[in-house]
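[1] here are the coordinates; sequence isn't available:
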């Protein structure tokens with residue numbers, strides 16, 4: 001993103017707890033002032049507020065100086081996503097600042113891109129499809145499809161959703177067949193939690209074979225922050241009272257509750 005020198009500085013807090021990693025960032029416009037991640041999905045509710053205070057302190061920013069908050073709304077961990085959205089809404093309400101929900105899957109795609117690029121010996125401008133994955137059990141994953149070239153922010157091609165991986169791979173194979181030669185990706189990166197479905201991804205029959213790269217990665221604070229700051233700077237705010245997590249599907253407890 002390019003910004004004019006005259007643009008006023010705006011500071012944002014961005015957070016996500018949709019995966020096993022709690023990711024936080026404090027942004028000044030599109031610049032990361034400080035970012036961190038902490039593992040331990042079962043303890044997100046315990047660590048969210050202390051780590052929020054820590055990341056703000058290390059960025060040298062007080063809550064009263066924030067101009068907005070962005071939060072990953074999922075899909076992902078049912079409990080984790082709920083913790084993040086509830087915490088962000090509470091902070092936004094207390095500080096009377098705008099809030100925006102961002103796609104956790106989009107943030108994971110960007111995390112995976114940066115993780116993969118960091119392993120390269122040199123920067124390239126390859127066209128890539130990025131397939132972020134959060135395991136959803138029973139052969140399913142929370143996933144979507146993005147495209148990017150070089151280091152650019154991944155752009156959405158397919159919506160977030162919970163998908164059976166076998167069917168999803170067949171859909172991607174068909175999409176690849178239908179893509180004009182000049183738009184064909186050089187590589188396809190499965191990022192996030194692809195190892196949970198490694199047997200499917202390694203099937204040699206796939207047309208994608210030879211292009212596939214498996215890149216396990218955590219949710220990282222910096223890309224979460226960039227995505228959130230981009231959303232807030234565009235003025236894409238959500239209503240504080242109606243912002244809810246994107247659960248995609250009912251939690252098991254709710255399914256049992258609604259069973260006839």
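    It's in. All figures in this text were calculated on a predicted structure; none of them were measured in a lab.
[2] residue ranges with poor pLDDT in the chain?
    1-6, 41-42, 204-207, 249-260 (pLDDT under 70).
[3] can we see that at 50?
    Residues of the chain that meet the criterion pLDDT under 50 lie in 1-4, 250-258.
[4] how about the strands in it?
    For the chain, the strands defined by DSSP state E cover 11-16, 21-28, 31-39, 68-72, 99-102, 127-137, 140-149, 155-164, 187-192, 212-216.
[5] what does the shortest one contact?
    Right, strand 99-102. Strand 99-102 has contacts (CB atoms under 8 Å, 6 or more residues apart in numbering) with 14, 16, 68-73, 85, 88-89, 92, 224, 227-228, 231-232, 236-238, 240, 243, 246. Placement of C-beta: from N, CA and C, glycine included.
[6] ok, back up a step: make CSV from the strands of the chain and add distance to residue 181 and mean neighbour count to it.
    Listed next are those as CSV, based on distance: least, CB to CB, whole Å; neighbours: other CB atoms under 10 Å:
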stretch, distance to residue 181, mean neighbour count
strand 11-16, 37, 29
strand 21-28, 38, 26
strand 31-39, 38, 18
strand 68-72, 36, 28
strand 99-102, 34, 24
strand 127-137, 12, 23
strand 140-149, 16, 22
strand 155-164, 17, 16
strand 187-192, 16, 24
strand 212-216, 19, 16
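[7] could I get these as a markdown table with distance to residue 46?
    Compiled in a markdown table, the strands of the chain are given as follows (distance: least, CB to CB, whole Å):
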| stretch | distance to residue 46 |
| --- | --- |
| strand 11-16 | 15 |
| strand 21-28 | 10 |
| strand 31-39 | 10 |
| strand 68-72 | 18 |
| strand 99-102 | 22 |
| strand 127-137 | 22 |
| strand 140-149 | 24 |
| strand 155-164 | 27 |
| strand 187-192 | 24 |
| strand 212-216 | 26 |
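[8] how is this structure carved up into domains?
    If you go by automatic domain parsing, the domain ranges for the chain are 11-104+219-258, 120-216.
[9] the residue nearest to residue 64 when sequence neighbours are not counted: what's it in contact with?
    In space, and not counting its chain neighbours, residue 64 is closest to residue 95: 6.9 Å by CB to CB, 6 or more residues apart in numbering. Contact analysis of residue 95 by CB under 8 Å, 6+ apart lists 63, 64, 66, 69.
[10] now those residues as TSV including distance to residue 153?
    Shown next, in TSV, are the contacts of residue 95 (distance: CB to CB, whole Å):
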residue	distance to residue 153
63	28
64	30
66	23
69	20
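[11] in PyMOL, how would I select the buried members of those?
    Buried residues among the contacts of residue 95 (16 or more other CB atoms under 10 Å), as a PyMOL selection:
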select buried, resi 66+69
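[12] thanks a lot, see you next time.
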